[in-house]
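Student: sequence and computational prediction follow.
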Amino acid sequence: MSGLARWSLSLGAGTRQTAGMASLHDAQLSALSAGIDDLARRAASLAEELQAREAEAGAAMFEVERSLLMATRSLERARRALSA
């Protein structure tokens, strides 16, 4: 089973477990969010560099940034669901 599949299964199980497990999941989601935020900043920086020389590549990188920002919002929804 892949790491992502294990993580997905553990996230689902965490909603039925103790507050201690929810706290662990919150920490994991926070770490994922921080990593994705970093990737989004790096993608935006590269997009700005590419936009002047390679418009199509720059546009594609801005799309990557938008997708990463959407992933961050999804992680925030998961964190809120765990704390509810």
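Tutor: Right, received. Where do you want to start?
Student: point out where the protein drops to low pLDDT.
Tutor: Applying pLDDT under 70 to the chain picks out residues 1-20.
Student: residues of the lengthiest helix in the chain that come out buried?
Tutor: Counting by DSSP state H, the longest helix found in the chain is helix 19-53. For helix 19-53, the neighbour count (16 or more other Cβ atoms under 10 Å) marks 22, 25-26, 28-29, 32-33, 36, 39-40, 43-44, 46-47, 50 as buried. Bear in mind the C-beta positions are built from the backbone N, C-alpha and C, glycine included.
Student: same for it, what does it pack against?
Tutor: Applying 3 or more Cβ pairs under 8 Å, 6 or more residues apart in numbering; DSSP states H and E, one finds that helix 19-53 makes contact with helix 3-14, helix 55-83.
Student: most packed of those helices?
Tutor: Most buried of the helices and strands packed on helix 19-53 by mean neighbour count (mean count of other Cβ atoms under 10 Å) is helix 55-83; its value is a mean of 14.
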